[in-house]
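1. Next input, structure requested:
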Amino acid sequence: MKKTVAFLLVLCLLLAPLLSACGGGKTPADTATETRETIASSAPDEETSASPQPEIKLEQLTVGGEALSEFTIIYARNSYYKVINQFNNNTQKLIVNDYDFDRLTAERLAALLKERFGVALEVKQDSNVKTPGAHEILIGNTNRNLHTADLAADQFEVRLTTNERKLVICGGAYGTTWHAIDALEAWLEGQEAERKTAADFTAAANVAGTHHLTRIACVGDSITAGTGATDREYTSYPANLQRVLWKDAIVTNYGNGGKTMRDDLADSYYKTTTYADLIANPEPFDLVLLMLGTNDSSRDSGTWTTTADDRFITSCHHILRGIKAMSPDMKVLMMNCPKCYRSGETGVPASPHVVALQTQTAKKMLQKGYSLALYDMHTLSQDKIGSANFPDSLHPNDAGYVIMANEIAAAVRAYLNGTTNSYFISLD
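-> Below you'll find the model as predicted:
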């Protein structure tokens, strides 16, 4: 037994150095540090293991303390109703309801409130409600006369009136009234971001904001002015263009019948009060639609010379230079002449020579530094408008102006967005 114990003691003494080597010579302090690190590494990560916060949804909206379900949405009557029936008779019903801008905004608001809060509000036109109700959301310049009357085109308001306790949503133009809904939606999202399940729109939440509408000037002769339309204010091509682009643009008609591009002729556009009004406009234009040249060839008895060509180009530069002085960042969409369906090829409006010259002119304007594209109205008038919609062979009728405006609207969107359009003419 004693021999066995002695043998074990000797064996331990022999193995001790080997055990020390396997331990890497670590001290007790090292071992303690390792232990702490192991514990720390095995501890749960507070950031990753914490339970995500539950999603908070804004489920209830009141207006001035009143239940949303008590309200009716009232929108302003559009003046288009004065001409729309006759207009549709003349356009094969090409226009249906897209002209009723405040109604479209009211319906957008109703859809938003239904989606967010499950409350379906009735939408009514102001002229159909003889006695105003106690709870109304007013869209546009309604006959309640509670909107701010002097809003600029780019301004809007979302405002709870103090006395009447009505919610007014209105802009200085139809488009800014539409975009006022964006502001209301942003306010709702802000309430939700604050993790509220219920919110009350009070006077303290009133919003006064702006949304820039693209300003478009239509420069041209009688085809721009609207000769041939039953009502130039509503059925000319610029009026139809405004109807199509109403959410995002303000379109102004600077057409003047019978005028020429050339400023050495008696009927020069450059010499008109229309042009003077154009360059005196205090608001810069973002885009100029230029369609001059139809009358130039007929004013020159069909005889064109190199001097006349040069004068045409120089006159275009004079017109654009004057506009650019007050609109330095403007873009130009130049359009050549629509097809003239009168017989003969020379000495009549929109001669082939003028159409070719307009391409040369556009190239020269590019060289002079203008941001410019050229649109082939001559071809489009043959492809999509057609002779039947030019009853006097020169001016479109109502249907022709609707088609023209729809196509120009597509070109405007493409040009401003930097995309292509099949009627753009290469200027390379």
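
2. Could you count how many residues lie near Gln53?
-> Neighbourhood size, Gln53 [other Cβ atoms under 10 Å]: 7. Every residue, glycine included, has its C-beta placed from N, CA and C.

3. Which of the three states applies to it?
-> Following DSSP: H, G, I helix; E, B strand; the rest coil, the label given to Gln53 is coil.

4. Flag every buried residue along stretch 232-242.
-> Arg232, Tyr234, Thr235, Ser236, Tyr237, Pro238, Ala239, Asn240, Leu241, Gln242 (16 or more other Cβ atoms under 10 Å).

5. May I have it as PDB, with CA atoms only?
-> Output of stretch 232-242 as PDB, limited to C-alpha atoms (Å, rounded to 0.1, in the frame of the first residue of the first chain):
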ATOM      1  CA  ARG A 232     -61.900  79.900 -76.700                       C
ATOM      2  CA  GLU A 233     -61.800  80.200 -72.900                       C
ATOM      3  CA  TYR A 234     -62.800  76.500 -72.500                       C
ATOM      4  CA  THR A 235     -62.200  74.800 -75.900                       C
ATOM      5  CA  SER A 236     -59.000  76.300 -77.400                       C
ATOM      6  CA  TYR A 237     -55.900  74.000 -77.300                       C
ATOM      7  CA  PRO A 238     -54.400  75.900 -74.300                       C
ATOM      8  CA  ALA A 239     -57.700  75.600 -72.400                       C
ATOM      9  CA  ASN A 240     -57.800  71.900 -73.100                       C
ATOM     10  CA  LEU A 241     -54.100  71.600 -72.100                       C
ATOM     11  CA  GLN A 242     -54.900  73.200 -68.800                       C
END
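
6. what about it, distance to the chain center?
-> How far stretch 232-242 lies from its chain's middle: 18 Å, per Cα atoms, centre = their mean, to the nearest Å.

7. ok, the buried residues of stretch 232-242 vs Asn336, which is closest?
-> Closest to Asn336 out of the buried residues of stretch 232-242 is Tyr237 (14.8 Å), distances taken as Cβ to Cβ.

8. which strands and helices sit next to the helix or strand that contains Thr177?
-> Taking DSSP states H and E as the definition, Thr177 sits inside helix 174-193. Here helix 174-193 touches helix 101-117, strand 155-160, strand 167-171, strand 198-201, strand 207-210, going by 3 or more Cβ pairs under 8 Å, 6 or more residues apart in numbering; DSSP states H and E.

9. Which ones among the buried residues of stretch 232-242 lie within helices?
-> Arg232, Tyr234, Thr235, Tyr237, Pro238, Ala239, Asn240, Leu241, Gln242 (DSSP state H).

10. okay, those residues in a markdown table with pLDDT next?
-> Output for those, formatted as a markdown table (pLDDT from 0 to 100):
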| residue | pLDDT |
| --- | --- |
| Arg232 | 91 |
| Tyr234 | 89 |
| Thr235 | 89 |
| Tyr237 | 97 |
| Pro238 | 98 |
| Ala239 | 95 |
| Asn240 | 93 |
| Leu241 | 96 |
| Gln242 | 95 |
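
11. Neighbours of Glu136, how many?
-> Glu136 has 25 nearby residues by other Cβ under 10 Å.

12. any low-confidence regions in the stretch 251-400 of the chain?
-> The stretch 251-400 of the chain contains residues with pLDDT under 70 at 301-302, 344-347.

13. Thanks a lot, catch you later.
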